[in-house]
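Visitor: predicted model follows, preceded by the sequence.
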Amino acid sequence: MHRIAAVLFLGFASGLPLALTGQAMQAWLTVDGVDIATIGFLGLVGIPYTFKFLWAPLMDRFEPPLLGRRRGWLVLTQLLLAAVLYAMSGLSPASAPLTFAAVAVLVAFLSASQDVVIDAYRTDVLEARERGLGASMSVFGYRLAMILSGGISLIWAEQWGSWGQVYQVMAGIFLFAAGVSLLTLPSVNSALKPLASDPRRELLGFLAMLGGVLLGALGARWLLIGLGLDPHDANKWIQLLFVMASIAAALPLGYWAARRAGFETLNRSLESFLAQPGAIAFLLLIVLYKLGDAFAGVLTTPFLIKGLGFSQAEVGIVNKIIGIWLTIFGALAAGAIMLRISLYQALLAFGVLQLLSNLGFYVIAVLGKGAWGSFTLPPFDLGFVALDTHADIDTLLMSVIAFENITGGMGTAAFVALLMGLCNHRFSATHYALLSALAAVGRIYVSPLSGVLSESIGWPAFFLFSVAAAIPGIGMVWWMRATISDLNGARRAGNGSANEHK
């Protein structure tokens, strides 16, 4: 249980900074009088989360002195987060927007780096039989942290009249977290040493990779502009083409530069992953498994408010207050279930449930608001969530959102367990960062396609399309059932035992 408790704690530490460069920061900018255009621009401070796989190999290769490779990086990133959040608390977004933006980007970079280490640590320390429960506890901790930094922080800011004071409290939490990481976290297997390679060449290889990525992205952009296309064209398909072309050129060129310059940790990491049975099929499965979920979820709020006429308050209560706790419930239920069934069975069963949850949105799109009547939700205060006044809640809306959040939490827990099972412990930071970035492809790039489709074919047909988009992922799980089952019972060569401690 010591390992599971550590995973819960680190899930909380991972989720806490996200809103501090997202929803909470936007609230601070708003009350400080920053204009909407600038607030929109500052949404870009989260870019480091998308590209954390670029520096993850350095965190696999280099080991901070005395504390070990995983725990050392954890303590370092958490101490730096505490310092930078405290510095951020003393800034004024309105009077020094550029300085504020630079510090916010630094917070996002350190948060993404902490995520790299936490994902690697969780992968290294848990036994195969603990992955399901560990994944669910990680989701539980992550969601609790988002409630604190993305919800309760807004209440504190209003009561205290100061966002700076809120960020000082968050800095104090990270200072405490660094102490917990230093003194209480179980050590991972001491045999899991970094790759023995020339550190100077590793750094040069990393810089060469960054140069290749930048050159590839800019080259693709210049080529499309030379062909007469405008990156700021109102046509969403043209904008998407620029994004996809930049990625398509940047990643291969960056990888080529890394190989030429001898970025050994990255090169050996990719070779290690591709050498395992079904590697390419697993990459496809990672993209497809949550694709239907991404299609249905990316436009849920505008669909309910604009498409069906629900009020913002009703959607907020059901989806943001009650829904987030249902997601936690789903993740915890999945962890308990996965103690008794295999990873393959969990992925298949939870994937089917995710698919069925999309049918709920089709039903509400066809039947409309009020089809099942409504009920009155009385005021309540449970400590962790509260409602000040009574609210009328649509019964069909509550049923659809409840089922979607519960099954989404279950699918996420199984999916995180799959990602952990695919990582070689010698390169777990690099492997998990790469796989999680690949998993985000569907969530990020279905958004423009979803908007075009929903306008073109209508909401009912759109949600039927989201159901169809979920079928290939489930089919991949069934097709790969034997290979997935092997992940539960055996480690790949070179992994070692994850729970042999110093």
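Guide: Arrived safely.
Visitor: for the stretch 351-500 of the chain, which segments are assigned as helices?
Guide: Along the stretch 351-500 of the chain, counting by DSSP state H, counting those that start in this stretch, helices occupy 395-421, 428-457, 459-479, 481-489.
Visitor: out of these, which gets nearest to Phe53?
Guide: For Phe53, the closest of these is helix 428-457, at 3.9 Å, according to CB to CB. To be clear about C-beta, it is placed using only N, CA and C from the backbone, and glycine gets the same treatment.
Visitor: quick check: buried residues in the closest one?
Guide: 428-440, 442, 446, 450, 453-454 (16 or more other CB atoms under 10 Å).
Visitor: go on, stretch 343-360?
Guide: Buried residues in stretch 343-360, counted by 16+ other CB under 10 Å: 343-355, 357-360.
Visitor: mean pLDDT lowest for which of the helices of the stretch 351-500 of the chain?
Guide: Set side by side, those give their lowest mean pLDDT on helix 428-457, at a mean of 75.
Visitor: who are the packing partners of that helix?
Guide: Applying 3 or more CB pairs under 8 Å, 6 or more residues apart in numbering; DSSP states H and E, one finds that helix 428-457 contacts helix 56-61, helix 97-125, helix 236-261, helix 264-274, helix 279-289, helix 291-298, helix 395-421, helix 459-479.
Visitor: what residues are bridge-paired with Ala391?
Guide: Counting by DSSP bridges, Ala391 forms beta bridges with Leu377.
Visitor: show me the contacts for Gly360.
Guide: Contact analysis of Gly360 by CB atoms under 8 Å, 6 or more residues apart in numbering lists 399-400, 403-404.
Visitor: can I get the residues you listed in TSV including neighbour count and distance to Trp156?
Guide: Converted to TSV, these look like this (neighbours: other CB atoms under 10 Å; distance: CB to CB, whole Å):
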residue	neighbour count	distance to Trp156
Ser399	15	33
Val400	24	32
Phe403	18	33
Glu404	26	30
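Visitor: list just the nearest of these to Val75.
Guide: Nearest to Val75 out of these is Glu404 (CB to CB; 38.1 Å).
Visitor: relative to Tyr121, which of the helices of the stretch 351-500 of the chain is closest?
Guide: Taking these one by one with CB to CB, helix 428-457 is closest: 8.2 Å.
Visitor: could you measure from Ala437 over to Thr50?
Guide: To Thr50, Ala437 is 7 Å away according to CB to CB, to the nearest Å.
Visitor: same deal with Leu144?
Guide: Leu144 is 24 Å from Thr50, by CB to CB.
Visitor: those two: which is more packed in?
Guide: Under the criterion of other CB atoms under 10 Å, the comparison of Leu144 against Thr50 puts Leu144 first, with 19 against 13.
Visitor: returning to what we had before: which one of the contacts of Gly360 sits closest to Ala157?
Guide: Glu404 (30.2 Å).
Visitor: quick check: that closest one touching Tyr362?
Guide: No - at 11.8 Å, Glu404 does not count as touching Tyr362 under the criterion of CB atoms under 8 Å.
Visitor: neighbours around the residue lying closest to Arg131 once chain neighbours are set aside, how many?
Guide: Leaving out its chain neighbours, the residue that sits closest to Arg131 by CB to CB, 6 or more residues apart in numbering is Ala417, at 4.1 Å. Neighbourhood size, Ala417 [other CB under 10 Å]: 28.
Visitor: so Ala417 touches Leu343, yeah?
Guide: Yes - using CB under 8 Å, Ala417 makes contact with Leu343 at a distance of 5.9 Å.
Visitor: between these two, which contacts overlap?
Guide: Counting by CB under 8 Å, 6+ apart, the residues touching both Ala417 and Leu343 are 131-132.
Visitor: burial count for Cys174?
Guide: To be clear, residue 174 is Phe; Cys isn't right here. 25.
Visitor: so what's it up against?
Guide: By CB under 8 Å, 6+ apart, the contact list for Phe174 reads 13, 16, 78-79, 81-82, 85.
Visitor: tell me the buried residues in the host helix or strand of it?
Guide: Here Phe174, judged by DSSP states H and E, is contained in helix 163-184. By neighbour count on 16+ other CB under 10 Å, the buried set for helix 163-184 is 163-164, 166-168, 170-171, 173-175, 177-178, 180-181.
Visitor: okay, the residues you listed in a markdown table with distance to Leu377 and pLDDT next?
Guide: Formatted as a markdown table, the buried residues of helix 163-184 follow (distance: CB to CB, whole Å; pLDDT from 0 to 100):
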| residue | distance to Leu377 | pLDDT |
| --- | --- | --- |
| Trp163 | 30 | 89 |
| Gly164 | 35 | 91 |
| Val166 | 28 | 91 |
| Tyr167 | 33 | 94 |
| Gln168 | 35 | 95 |
| Met170 | 31 | 94 |
| Ala171 | 36 | 95 |
| Ile173 | 31 | 95 |
| Phe174 | 35 | 95 |
| Leu175 | 39 | 96 |
| Ala177 | 35 | 93 |
| Ala178 | 40 | 93 |
| Val180 | 37 | 92 |
| Ser181 | 40 | 90 |
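Visitor: what about the stretch 151-300 of the chain, any weak spots by pLDDT?
Guide: Along the stretch 151-300 of the chain, segments meeting pLDDT under 70 span 151, 189-195, 236, 240, 298.
Visitor: for PyMOL, write the select line for the buried members of the contacts of Phe174.
Guide: Applied in PyMOL, the following selects the buried portion of these according to 16+ other CB under 10 Å:
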select buried, resi 13+16+78+79+81+82+85
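Visitor: keep only those of the contacts of Phe174 that are in helices.
Guide: Among the contacts of Phe174, the members falling in helices (DSSP state H) are 13, 16, 78-79, 81-82, 85.
Visitor: show me which of these is closest to Ala334.
Guide: Closest approach between the ones in helices among the contacts of Phe174 and Ala334, by CB to CB: Ala13, at 21.5 Å.
Visitor: that closest one and Leu144 touch, don't they?
Guide: No - the criterion here is CB under 8 Å, and Ala13 misses it with Leu144 at 10.8 Å.
Visitor: the domain parsing of the protein - what is it?
Guide: Using automatic domain parsing, the domain ranges for the chain come out as 1-185, 198-262, 264-490.
Visitor: start and end of the first one, how far apart?
Guide: When you say that, I think you mean domain 1-185. 12 Å (CA to CA, to the nearest Å).
Visitor: so how far is Leu133 from Ser111?
Guide: For Ser111, the distance to Leu133 equals 25 Å [CB to CB].
Visitor: which one's more surrounded, those two?
Guide: Ranked by neighbour count (other CB under 10 Å), Ser111 and Leu133 place Ser111 first, with 26 against 23.
Visitor: what's the distance between the more buried one and Asp32?
Guide: Ser111 is 22 Å from Asp32, by CB to CB.
Visitor: quick one: contacts for the spatially closest residue to Phe140 that is not a sequence neighbour?
Guide: Nearest residue to Phe140, sequence neighbours excluded (CB to CB, 6+ apart): Ile328, at 5.4 Å. The contact partners of Ile328, taken as CB under 8 Å, 6+ apart, are 139-140, 143-144, 409.
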